[in-house]
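> just a sequence and a predicted model for now, questions to come.
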Amino acid sequence: MDPVISQFDPASASKTVPLVIVGAGAAGLTTGIFAGRHGTKALLLETRARPGAKLRVSGGGRCNVLPSQVCETDFHTLGSTNAIRQFLQSWPLAQVRAFFEADLRLPLADEDTGKVFPASNDARDVLDALLGELARCGGSILGGDPLVGIETCTQATDRARFVLKLASGLSLRCEQLVLATGGKSLPKTGSDGFGFQLAVQLGHKVQPTYPALVPLPCPEEGWNALAGMATKVQLTAKKAGRVLEERTGDFLFTHRGFSGPVVLDLSWRVTHPNAAGTTLHAKWIAASGRAWEAILLAGGARSLNSALADELPKRLAAELMRRAQVEPSRSMAELPREERRRLLQVLEDCPLAVTGDEGYVKAEVTGGGVALDEVSTKTLESRLVPGLAFAGEILDLTGRLGGFNFLWAWISGRKAGSAAAQRCQA
């Protein structure tokens, strides 16, 4: 058992705790650290006996701590996008990285993909660094005793604003409360969406939630037969003829449909509440980098099968020719204009008939959440409930693949923890 977990003594529950943070994941741990740095020792409540379950499994056990670059368009929300700019400016990426490398003494390494990992490639080192800093800042964790309910104090005594009911029957009173419960994604790590229920109970609006960074199923046997194949594509989300978003990256065929970084990044476009009518289209990238029209117009005695197999995985080339209804053995010079048009269509603007998504079990993050217009962008404190604040995935702000959601966890945790500590001391 991690030493920090045993620090809270339930016998002291009769006293009002200055600050309670619900959730000991990335956002919760960061909230506790920065509260401690500003003079308030925080108590973190964690459903599981050990904290940081999602941290430990993220990135295949490596933990993609940060992106190497960031901009506003790397995030989306159903609320105001102006808030994204304010959040990113409040703790610039270079300073977040310095927190890990200089403050926590955790060496980081950049990859060509734009992702930043611990140099050890071990997610446990990230968790241990955060837990060690939390302990140094005087924070404590009570694990394995899930929160089951929250009551607000109608007659505040000893500055207590909230009464927290735990599964064991223990009741805790606290002055300041931060919900950093995560969302619904990867429920095996303890993310069950209970934080959303608590937010609604306390009077907040929760934007409709949806799986994000999630594989997308497709029922078409032709695609499913390519399971395990990876290739480069330019993937485009369209609605009513308008391009919503376009990204290029690795695409993976699965037994159920489509996955890979570029699919996960654009998956929210077909899973969010306003997604009706949105379609995905693939432009398959030629290995030579040449434009498809130039390749098809090159002519000559080579067969279509041979020409396309030079540019794409053979099985994918065969499936695309089948969809275009062209004869693979036909020579390039003999290709009729109409067949060339059909083939060019599936090569450059191929519709992908996705049906739903693979759900929160496979989603890496939850979209939607507590509405941003109901919290202060400076402190993340509720505009409706004094003493209540939020951090991390529970809020309606979601990043794309590549460390962006962890970046949001660090930024929001720092903001919520620092401000809550200052309120405790006011």
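Here it is on my side, so go on. Treat the numbers as computed from the prediction; the structure is a model and nothing was measured. Residues are numbered from 1 along each chain as shown.
> contacts only, for Ala420.
19, 31, 35, 40, 42, 176, 178, 379, 381, 389 (Cβ atoms under 8 Å, 6 or more residues apart in numbering). (C-beta placed from N, C-alpha, C; glycine too.)
> filter those residues down to the buried ones.
For the contacts of Ala420, a burial check counting by 16 or more other Cβ atoms under 10 Å picks out 19, 31, 35, 40, 42, 176, 178, 381, 389.
> which of those residues sit farthest apart?
Comparing every pair within the buried ones among the contacts of Ala420 by Cβ to Cβ identifies Ala42 and Glu381 as the most remote, at 15.1 Å.
> contacts for the helix or strand encompassing His281 next, please.
Counting by DSSP states H and E, the element that carries His281 is strand 278-284. Applying Cβ under 8 Å, 6+ apart, the contact partners of strand 278-284 are 216, 231-239, 244, 251, 266, 269-270, 312, 316, 320, 347-352, 354.
> so which of these belong to helices?
266, 269-270, 316, 320, 347-348 (DSSP state H).
> now neighbour count and pLDDT too, for these, in TSV please.
As requested, the ones in helices among the contacts of strand 278-284 are exported to TSV (neighbours: other Cβ atoms under 10 Å; pLDDT from 0 to 100):
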residue	neighbour count	pLDDT
Leu266	24	98
Arg269	21	97
Val270	22	97
Leu316	19	98
Leu320	20	98
Leu347	26	98
Glu348	15	97
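> of those residues, closest to Leu304?
The closest of the ones in helices among the contacts of strand 278-284, once distances to Leu304 are taken by Cβ to Cβ, is Leu320, at 10.0 Å.
> how near is the closest one to Lys54?
38 Å (Cβ to Cβ, to the nearest Å).
> list only buried entries from the contacts of strand 278-284.
For those, buried by 16+ other Cβ under 10 Å: 216, 231-238, 251, 266, 269-270, 312, 316, 320, 347, 350, 352, 354.
> re the thing from before, ok, so of the buried ones among the contacts of Ala420, who is nearest Gly289?
Using Cβ to Cβ, the buried ones among the contacts of Ala420 come closest to Gly289 at Thr31, 46.4 Å.
> these two touch, right, Arg342 and Gln325?
Yes: with contacts counted by Cβ atoms under 8 Å, Arg342 reaches Gln325, the gap being 6.3 Å.
> look at the two and report which has more neighbours.
Arg342 (16 against 11; other Cβ atoms under 10 Å).
> please identify the buried residues of the longest helix anywhere in the chain?
Using DSSP H to define each element, the chain has its longest helix at helix 404-424. For helix 404-424, burial by neighbour count (16+ other Cβ under 10 Å) applies to 404-421, 423-424.
> next one: stretch 131-148
Buried residues in stretch 131-148, counted by 16+ other Cβ under 10 Å: 131-135, 137, 139-147.
> what residues are bridge-paired with the closest residue to Arg423 other than its chain neighbours?
Ranked by Cβ to Cβ, 6 or more residues apart in numbering and with sequence neighbours excluded, the top spatial neighbour of Arg423 is Gln176, at 5.7 Å. Beta-bridge pairing of Gln176 under DSSP bridges involves Leu19.
> check contacts around Gln176.
Per Cβ under 8 Å, 6+ apart, neighbours of Gln176: 18-20, 40, 161, 387, 389, 420, 423-424.
> what about the closest residue to Gln422 other than its chain neighbours, neighbour count?
Counting by Cβ to Cβ, 6+ apart, His38 is the residue found nearest to Gln422 once chain neighbours are left out, at 6.1 Å. Neighbours of His38 under the rule other Cβ under 10 Å: 16.
> am I right that His38 is in contact with Gly417?
Yes: using Cβ under 8 Å, His38 is in contact with Gly417, at 7.3 Å.
> Thr73 falls within a helix, correct?
Yes: under DSSP: H, G, I helix; E, B strand; the rest coil, Thr73 sits within a helix.
> isn't Leu316 up against Leu226?
Yes: the criterion here is Cβ under 8 Å, and Leu316 meets it with Leu226 at 6.1 Å.
> so for stretch 367-385, mean pLDDT?
Mean per-residue pLDDT for stretch 367-385: 97.
> show me what counts as buried in that stretch.
367-372, 374-375, 377, 380-382, 385.
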